[in-house]
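okay, predicted coordinates and the sequence, questions at the end:
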Number of protein chains: 2
Amino acid sequence: MADKFVIDRIPPKSGNGKAQCLEPNVYAEACPSRAILELIADKWTLLILPALRRGPKRNGDLMRQIGGVSQKMLTQTLRELERNGLVARLDHQEIPPRVEYELTVLGRSLADAVRKLDTWAENHIPQVQTARAAFEKRKRGSRVR
Amino acid sequence: MADKFVIDRIPPKSGNGKAQCLEPNVYAEACPSRAILELIADKWTLLILPALRRGPKRNGDLMRQIGGVSQKMLTQTLRELERNGLVARLDHQEIPPRVEYELTVLGRSLADAVRKLDTWAENHIPQVQTARAAFEKRKRGSRVR
DNA sequence: TAAAGTACGCACCTTTTGGTACCTGTGGAG
DNA sequence: CTCCACAGGTACCAAAAGGTGCGTACTTTA
């Protein structure tokens, strides 16, 4: 029975109320790693980071490459990534303005892991669609008339 | 200059307006893989999937393990994961009710990749915090008085 | 007899998110 | 001379997300 409670990392055991977690653990709400995870758990972050893996890109480049992103969300997400040290903003101080965004060393290490999620999504479309169809069928079957 | 436009996967080139993407590509808004990515790009999904890697767990187990999750969000997320074939719901048809959730084969393949993001967050807390401090400092420095 | 645990569903209401439109100021193209 | 591209900032507003509290139906424990 105790086997049920075996998890990836030991939970905080917060003896005091602060729970500042000496051993980092995303499952603890107060652990800083949780905030970092929430930064990653974002649609646009998951697209922007891999998009920058091949080298620096400009605002307009990213707008064209990432379908459906608005100027507001692109800027907002890039700022957050810059703030957390994942992306560097290179302002060439020219007129007309020329700004490039590129991954930092820190950002690159994350972008590679994120790209794997993207490729997973791309490679498992049929499996997910089949599962969805089966789920709908089950739901319909269990409906009481 | 054309080098700037080299990306991970070739963009849609949508000749017609539908852009149903024969070659799966998360950067294309209409590609089914984008919807799958949006399912993954969720705070609770990124915690629940790795939490189930060690075997089936019950609702209450997950509530205790995942700090800060509400009953509503837990159930809602589990339903979505079940609907997409990543998690299986095992109702033991007992009284009092006993329900277990476990990864499907499909879910397991994703959970391993997701767990890497969690560990990344746990292992890079100091780097991110340093970057944040440096960012704030730069902002303050560039303020006009 | 009463309370607590199990696994939710539902409704209400607040917070957050994100889209749209409009503004800057300059240089180059037509 | 006019329009566009560049890289945004700002404000407003609708939509979505998500927290809280209550109800269900049954059993075990105190």
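That came through fine.

tell me if the helix or strand of chain A with the lowest mean pLDDT is near DNA strand C.
None of the helices or strands of chain A scores lower by mean pLDDT, DSSP states H and E than helix A:125-141, at a mean of 90. No - Helix A:125-141 does not reach DNA strand C (CB under 7 Å from any atom of the strand); its nearest approach is 10.8 Å. Every residue, glycine included, has its C-beta placed from N, CA and C.

kindly export that helix (C-alpha atoms) in CSV.
What follows is helix A:125-141, C-alpha atoms only, in CSV (Å, rounded to 0.1, in the frame of the first residue of the first chain):
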residue,chain,number,x,y,z
ILE,A,125,-1.6,12.8,-34.3
PRO,A,126,-3.2,9.5,-35.5
GLN,A,127,-2.9,7.9,-32.1
VAL,A,128,-4.6,10.8,-30.3
GLN,A,129,-7.3,11.1,-32.9
THR,A,130,-8.1,7.4,-32.6
ALA,A,131,-8.2,7.7,-28.9
ARG,A,132,-10.6,10.6,-29.1
ALA,A,133,-13.0,8.7,-31.4
ALA,A,134,-12.9,5.8,-29.0
PHE,A,135,-13.7,8.0,-26.1
GLU,A,136,-16.6,9.6,-27.8
LYS,A,137,-18.0,6.2,-28.7
ARG,A,138,-17.7,5.0,-25.1
LYS,A,139,-19.5,8.1,-23.9
ARG,A,140,-22.3,7.6,-26.3
GLY,A,141,-22.5,3.9,-25.4
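
could I get the buried residue list for it?
For helix A:125-141, burial by neighbour count (16 or more other CB atoms under 10 Å in any protein chain shown) applies to A:125, A:127-128, A:131.

quick one: residues contacting A:His92.
By CB atoms under 8 Å, 6 or more residues apart in numbering or on different chains, the contact set of A:His92 is A:98-100.

drop anything exposed from those.
Here, 16+ other CB under 10 Å leaves A:Glu100 buried among these.

so which of the contacts of A:His92 sit within strands?
Secondary structure assignment by DSSP state E places A:99-100 of the contacts of A:His92 in strands.

who in chain A is up against DNA strand D?
Within chain A, the positions near DNA strand D by CB under 7 Å from any atom of the strand are A:58-60, A:71-72, A:75, A:78-79, A:89, A:96-99.

and DNA strand C, which of those residues reach it?
Applying CB under 7 Å from any atom of the strand, the subset of the residues of chain A next to DNA strand D adjacent to DNA strand C comprises A:71-72, A:96-97.
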